[in-house]
Structure formats: C-alpha cells, structure tokens
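> Here is a sequence with its predicted model. Questions after.
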Amino acid sequence: MNKPKVAVVILNWNGLKFLQQFLPSVLQSTYPNMEVVVGDNGSTDGSVEFLKSRYTNEVTVLQNDENYGYTGGYNRVISRVSADYLILLNSDIEVIPGWIEPIIELMEADERIAAAAPKILAYHNKNHFEHAGAAGGFIDKLGYPFCRGRLFYEIEQDNGQYDQSGEIFWASGAALFIRSKCWKETGGFDERFFAHMEEIDLCWRLKNMGYKIMYCAQSVVYHVGGGTLNVENPFKTYLNFRNNLWLIQKNMPFLKASWVISVRMWLDLVALIRFVGEGKRKDAWAVSKAHQSFVLSFLRKGKSRNPALTNLNTVTKNPNLKGIYKRSIVTDFFVKKKKTFTDLNPKDFH
C-alpha cells in the first residue's frame, strides 16, 4: 500500500447496461491502492440503485443532482475525490487486470508528466484501434486534432506499429490518467464545452504550462464508443465544431488564433456544403449553429462555470509544443492521400 493512491472515476448517466457489463473488469484491476468511484449525473435508469445494492463495499457512489454533462459532471464529482492520481474512465470500457500499473510507473518516473493515455482498442473489433484516442492524440497547425492509429475515418489494425511509448499532445477522455495536483492546477474541465474536446483543451492547457502528456503502449483498454452520443448525432457535430473553435481561441497565442479561426471558418463552410451534398441537412445546420454560438460567446462576454478558464489563451512563456503537426492534416489526408499516421513525416512534428 506504499503505492500512490489511484481513484478510477467513472461518470455515469443512464448507463446501467454498461455498468453491469464492464464494472466487474474494473474491480478486477490488480493495482493495490485503488478506489473505484462512480459519479452519477442524475440517472433515471436505476443505475444508482444497482450500484448500492450490488457493490456496497467495492464502489463509492457520488451523486450529482442533475446531468451537468461530461465536463460539469466530472468537475463536481472529482471535487469530492481524494487521491494522488485520477483515472477518468468511460463506463463503456473493458480493462484487463494490469492496465493501471504501467502508466503509474511511467508517470512516477517523471514529475513533468501531467497526464497519460493507454492504447485504446475497439471492443467489438479488438485487433483495431478505437476512434476516440487510439494510440495517442496530436494536433495540426490549424487546430485539427487527430490520433495515431486513426486519421479521420481511416482506422488502422493494431499490428504493433505503435507499441513504443512516448510523448503525445493529448490523451483521450475515454481513459485519461492525470495527476490530482495538475487537475487542481488547471481548474479541471472548462464546463462551457459540455462534452467533446474538453480533454484536448485540458491537455493543451497543461502543455502550455510546460507539462508532458504521454502515451503508454503497455496499458491496453477496449472501448465500445458512442455509448452516450453516437457518431451520427447532429448534436455531436455541433459540439465538435463549436468546441474546436474554442480550443483554438483559448490555447493559441492571440494573433495566431485570430488567423487560424478565420481560416477554419472557411474550411467549416466547405464541410457544411459537403453535409448538404450528402443529404445530411441536420449536420449542416449543426455547423451553422456552432459558428453562431462561437460568435455570440464574444458578444455576450459570458462566463463559464469556471471563470478562471475564460482567458483568451493560456499560453505561458515556455509551452511544450511536442506533438503539434506543423502541416495541415486535412490537406495531407484528403489531397495528398496520406491515410495513416506512418505516412506522415516525423520531421513535420514539433
């Protein structure tokens, strides 16, 4: 028990079927100093009753009075958790017994490591990477996030090509390891995001503070994906387009952010036209709504639930740029037909 204390924190909202299916694998984890916490975001499907009747002594249940989204839900739950390390784990993930130890050992070896991610494979196709996180996240010069093992809709088979641990730009919120002190230092998630890209914002703020984000290939989890909001949902489209603009606004230097946002507005227009051409009019409208919301956020000068996170940007004097792709991933993928991460030139990364 001299190991650092780790709290595995699962945020649940009407995910009874996932808790029934995957919570047993989490409880079989071999890490010796672990607490499993389920934070409930106002579920109405009997989740809380199930946990309290089945796992009275094994799981700590912390309840929110309503659904505050991924960001607000986690902020409220984690404020009541005490541990050296936090693992934010989606409820639709299966883990193997020794999944925690490799990452804690990696982080304990370097105090500059603020957060880390395991290899994330697809639960229903376990020899392929999963869309949300894969083998670690990166970002290009225009603020487009992408993953090693998944570029846009191209998902790779895991053949051991990304079995080398190393520094990345962002770690997926599906299975995010983070030091508690770093969580507190950043103020947690920016609640304006509600859901989607909030973990990229968190990691970018950490990188701007000089910290490292790591990928650990020796830890593997299996993710169902889309458990709460599936890929085809227009609300997901809205959140992704709006939140991506907020990412750029907050985390790039002001003048650069202004230029990048102007370029992105035009590129988003191309995406809108493409949605219309594909008959996805609700997604096209979602892009338009995302732009309206982004612009109105300036006019209203609104405050988030985390006032400290509303700064125009969070760049310090010595940001850690490791993991930024100095080219456009959109151009390389759609025009130059570079379909996998290995097709990209390592010299084009910071």
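Happy to help now that I have it.

> Could you report the neighbour count for the closest residue to G137 other than its chain neighbours?
Using CB to CB, 6 or more residues apart in numbering and skipping residues adjacent in sequence, the residue nearest G137 is W170, 3.8 Å away. Every C-beta, even on glycine, is put in place using the N, C-alpha and C of the backbone. Neighbours of W170 under the rule other CB atoms under 10 Å: 27.

> What is the end-to-end distance of stretch 273-288?
Terminal residues of stretch 273-288 are spaced 11 Å apart (CA to CA, to the nearest Å).

> Check stretch 124-139 too.
OK, stretch 124-139 end separation, CA to CA: 27 Å.

> what's the helix or strand hosting W246 packed up against?
Here W246 sits within helix 234-251, counting by DSSP states H and E. Helix 234-251 sits against helix 198-208, helix 254-277, helix 281-300, with contacts defined as 3 or more CB pairs under 8 Å, 6 or more residues apart in numbering; DSSP states H and E.

> Mind listing residues that contact the second one?
Contacts made with helix 254-277 from outside it, assessed by CB atoms under 8 Å, 6 or more residues apart in numbering, are listed as 141-143, 241, 244-245, 248-249, 251-252, 281, 283-284, 287-288, 290-291, 312-313, 330.

> Now it: buried residues?
A257, V260, I261, R264, D268, A271, L272, F275 (16 or more other CB atoms under 10 Å).

> Distance from it to the middle of the chain?
22 Å (CA atoms, centre = their mean, to the nearest Å).

> Check W285 and give its pLDDT.
Looking at W285, its pLDDT is 97.

> what does the one 3 residues further on give?
According to the predicted model, the pLDDT of S288 comes to 97.

> where in the stretch 201-350 of the chain is pLDDT low?
Judged by pLDDT under 70, the stretch 201-350 of the chain has its weakly predicted residues at 226-232, 301-315.

> if you set the cut-off to 50 instead, what comes out?
302-312 (pLDDT under 50).

> Double-check that A195 belongs to a strand.
No - using DSSP: H, G, I helix; E, B strand; the rest coil, the assignment for A195 is coil, not a strand.

> Spatially, which residue comes closest to it, not counting chain neighbours?
A195 sits nearest to Y70 (CB to CB, 6+ apart), 4.0 Å away.

> thinking again about what came up before, correct me if wrong: the residue nearest to G137 contacts A132.
No - judged on CB atoms under 8 Å, W170 makes no contact with A132 at a distance of 11.4 Å.

> hang on, isn't L176 packed against I120?
No - L176 is not in contact with I120 according to CB under 8 Å; the separation is 10.6 Å.

> Of those two, give the one with the bigger neighbour count.
I120 (30 against 25).

> Quick check: that one is in a helix.
No - per three-state DSSP, I120 lies outside any helix segment and is strand.

> How confident is the prediction for it, by pLDDT?
pLDDT for I120: 98.

> For it, list the residues it contacts.
Counting by CB under 8 Å, 6+ apart, I120 touches F129, E130, A132, G133, A134, A135, S172, A174, A175, V221, Y222, H223.

> And for it, nearest residue in space, chain neighbours not counted?
G133 (4.1 Å).

> list the contacts for the one you found?
A117, I120, C147, A171, S172, A174, A175, H223 are the contacts of G133 under CB under 8 Å, 6+ apart.
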